[in-house]
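[1] quick one: sequence and predicted model below, then my questions.
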Amino acid sequence: MLPDPGWMVTVRQRLESRLRQAQVYVRANQYHLLARLRIWGGRVVFWGCGIVVGLAAVLFALLSDGAAERFAHAAALYPWMPFIVTPLAGAGLLWLTRTYFPGAQGSGIPQVIAEMKRPPSGPWRPLVSLRIAFGKIMLGVAAVGAGFSFGREGPTVQVGASLMAAAGRFMPATLRIHRQHLLVAGGAAGIAAAFNAPLAGIVFAIEELSRSVESRMSGVVITAIVLAGVIAQYFLGNDNYFGRVVVFGESSELMYTILVCAVVTGFAGGLFARMLLISVIGWHGRLARFRGAHPYWFVVFCGLLLASLGWVTGGVIWGSGFAETKSLLSGQADLPWYYGPAKFVATVVSYLTGLPGGIFAPSLSIGAGIGQDLVPLLAGQAFPTTIVVLCMVGFLAAATQAPITAFIIVMEMVDGYSLVIGLMATALIASAVSRMVSKPLYATLAEHMIRQQSPADSK
C-alpha cells in the first residue's frame, strides 16, 4: 500500500522549516561564532608562543653551558689558545652584531624596557625582533664559548619579548592584549625559564618591566611564565638552578652577618653598576676615544686582557661562573680569594666590548666570591653557605637595584625559603647602599637607548 502523499508533504514542509530556522540562527550568530573562533585562535597562538619561549630558553641554556665547558676544557689542554681565540672571536662577533644584528648588544633587559616606551610615530630602530632573538642566542653562545664573562639570563628576556611581539601579529584585537603586555609577558617568561624560577618571573615583570603597564596584564604574564616554566622543567628537571643547598645557618648574630654582607655587596654592586653605566654613557679619556675610533681593535685588546686574566687565575673567570658558584654553595671546593674581584673585572671588561651578553649569572658569581672572602671575618656567626647566599642576593640587588626580584631569584634557585627574611633584608639594604653610588642600571640604559633613537642623536 502506497504512503499518503499528504503525509510526505507535511514532513517535507517541517524539515524545510527547521532548515530555514537553522540558517537564520547561523546567520544571526555568525559574527559571534567567528569572533569566538578568532579569540580561541589567538589564545592558541599565545600559548604556543609561551611554549616556544621555554624551548628557546632551554636551547640557550644547553648551548651556553656546552660552549663554556668546551672552552674551559680546551684552555686547560692548550693554555695559549685563549690568547688567539678570545680576541679574534670577539672582533668577529662584534662585526656580526653591528652588521646583521643591531640592537642585540648588551644585556637585553634595557632593550625591552626601551621598546615598551616606543613612540607611536617617528623613527625607531627595532630593539625586539625575530632577527635579534636569533642573533642574541647565537652570538651570546659564541661569546661565552670564546671566554667572555657573560650570562644568558638577561639575553633570554630580550629573546622572550621578541618572540611574544612577533606572535602578537597573529592575535586578534578582540583579545585586547597590547604590545606592551606581550613584551612584559615574553620577558618575564624568559627570566622564569632561564632561572627555572616561575615566581621570580612574576616578580621581575612587576618590579622591573611593568612599572607603567596596567595591572590587568597580570594574567597574560602568569600564563606565559607557567607555559615557559613547564617546558624548562620538562627538559632541565625539577632541580633548582644551583641545586639544593643543604646547610643554612641561624644564630643570634645573623643580623650582624646580614648587615655586613649587605653593606659590602651594596657598595661593590653599586660600583659595578656605575662602571657599566660609565662604559656606555659618559666615558671620556684616551681609551674611550680609542674605542670609538677603532672598536674592533678595542675588542681585541679586551680579549687579550681576558685571556691574560684567565691564565693568571687558572681560568675561573671565563663564562657565566655557574660551575664556580655551585661549587661554593655545595662546599665541595674553595676558590682562590681573588675569584670575586677577578670575576668583577672580567665582567666589566666583557661588557665594554658591546657584545651580546648578560650580567645576572656573573653578578651571582661575584657575590658568591665576595661571600667566600667574608667567611673568615664572620666565622662563628653564620654558616659559610649562608654568607655566600646572602652576598649573592646582596650583589645582584645592588647591581640591578631590583631587590624583590633579586631575593626571589636567589630564594628559588637555592631553595632558601628558611632564610627568606634574611635574604629580603640583605637585598633591601644592599639596594639602598647601591643607590648612593649609582643610578639604576637598566632604567638608565633604557633611557639612553631612547635618546639614541631620536634623529638628533643618530646623526
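    Great, that's in hand. Numbering: from 1, shown residues only.
[2] in stretch 346-353, what's buried?
    Judged by neighbour count using 16 or more other CB atoms under 10 Å, the buried positions of stretch 346-353 are 346-353. C-beta here means a position set from N, CA and C on the backbone, and glycine is covered the same way.
[3] if you look at those, which of them are in helices?
    Among these, the members falling in helices are 346-352 (criterion: DSSP state H).
[4] avg pLDDT for whichever strand or helix holds Ala288?
    Using DSSP states H and E, Ala288 falls within helix 286-293. In this model, helix 286-293 has a mean pLDDT of 90.
[5] which helices and strands sit right next to it?
    The contact analysis (3 or more CB pairs under 8 Å, 6 or more residues apart in numbering; DSSP states H and E) places helix 286-293 against helix 295-313.
[6] center of the chain, which residue is that?
    In the chain, the residue lying closest to the centroid (CA atoms, centre = their mean) is Gly154, at 2.6 Å.
[7] name the nearest residue to that residue, sequence neighbours excluded.
    Closest residue to Gly154 in three dimensions, ignoring its sequence neighbours and counting by CB to CB, 6 or more residues apart in numbering: Gly358, at 2.9 Å.
[8] secondary structure element for the residue nearest to the centre of the chain?
    Counting by DSSP H and E, Gly154 is part of helix 153-167.
[9] quickly note the distance from the closest residue in space to Ile429 that isn't next to it in sequence to Gly103.
    Using CB to CB, 6+ apart and skipping residues adjacent in sequence, the residue nearest Ile429 is Ala262, 3.6 Å away. Per CB to CB, to the nearest Å, Ala262 is found 36 Å from Gly103.
[10] these two: who's more crowded?
    Higher neighbour count among Ala262 and Gly103: Ala262, with 27 against 23, using other CB atoms under 10 Å.
[11] report the mean per-residue pLDDT for the helix or strand harbouring that one.
    Using DSSP H and E, the element containing Ala262 is helix 254-280. What helix 254-280 shows for mean pLDDT is 92.
[12] cool, and stretch 363-373?
    Average pLDDT, stretch 363-373: 94.
[13] can you say which helix or strand has Val437 in it?
    Using DSSP H and E, Val437 falls within no helix or strand.
[14] for Ala379, that is, sorry about that
    Short version, using DSSP H and E: Ala379 is in no helix or strand.
[15] what ranges do the helices span in the stretch 351-459 of the chain?
    Under the criterion DSSP state H, counting those that start in this stretch, the stretch 351-459 of the chain carries helices at the ranges 360-374, 384-400, 403-414, 420-435, 441-453, 455-458.
[16] which of the residues in the fourth one are buried?
    Burial within helix 420-435, assessed by neighbour count using 16+ other CB under 10 Å, is assigned to 422-434.
[17] got the contact list for that helix?
    Here helix 420-435 makes contact (CB atoms under 8 Å, 6 or more residues apart in numbering) with 254-255, 258-259, 261-263, 265-267, 269-270, 273, 386, 389-390, 393-399, 401-404, 406-407, 410-411, 416.
[18] Trp318 belongs to a strand?
    No: per DSSP: H, G, I helix; E, B strand; the rest coil, Trp318 lies outside any strand segment and is coil.
[19] distance-wise, check the nearest residue to Arg291 once chain neighbours are set aside relative to Ile409.
    Spatial nearest neighbour of Arg291, excluding adjacent residues (CB to CB, 6+ apart): Phe298 at 4.2 Å. As judged by CB to CB, Phe298 and Ile409 stand 33 Å apart.
[20] who has more neighbours out of these two?
    Ile409 (32 against 21).
[21] right, and the more buried one touches Thr400 too?
    No: here Ile409 does not reach Thr400: they are 9.8 Å apart, not a contact under CB atoms under 8 Å.
[22] shared neighbours of the two, anything?
    Phe360.
[23] quick one on the thing from earlier: tilt between the helix holding Ala262 and helix 420-435?
    Interaxial angle, helix 254-280 versus helix 420-435 (axes from the mean of the first three to the mean of the last three CA atoms, to 10 degrees): 40 degrees.
[24] just to revisit the earlier point, in the helix holding Ala288, what's buried?
    The neighbour-count check on helix 286-293 (16+ other CB under 10 Å) flags Arg291 as buried.
[25] now do the contacts for the residue nearest to the centre of the chain.
    Listed by CB under 8 Å, 6+ apart, the contact partners of Gly154 are 107-109, 357-360.
[26] mind listing the helices for the stretch 1-150 of the chain?
    Secondary structure of the stretch 1-150 of the chain (DSSP H, counting those that start in this stretch): helices at 5-77, 81-100, 109-116, 130-145.
[27] tilt between the shortest one and helix 441-453?
    Using the same axes, to 10 degrees, the interaxial angle of helix 109-116 with respect to helix 441-453 works out to 50 degrees.
[28] from His178, how far off is the closest residue to Gly266 other than its chain neighbours?
    Distance criterion CB to CB, 6+ apart; nearest residue to Gly266, sequence neighbours excluded, is Val433 at 2.8 Å. From Val433 over to His178 the distance is 37 Å, taken as CB to CB.
[29] so what does the helix holding Ala262 touch, helix or strand wise?
    Using 3+ CB pairs under 8 Å, 6+ apart, the elements in contact with helix 254-280 are helix 339-352, helix 360-374, helix 384-400, helix 420-435, helix 441-453.
[30] on that earlier part again, nearest to Ile317, out of the buried residues of stretch 346-353: which one, please.
    Ala346 (3.9 Å; CB to CB).
[31] test my guess that the closest one contacts Gly319.
    No: under the criterion of CB under 8 Å, Ala346 is not in contact with Gly319, lying 9.7 Å apart.
[32] return every residue with contacts to both of the two.
    Counting by CB under 8 Å, 6+ apart, the shared contacts of Ala346 and Gly319 are Ser149.
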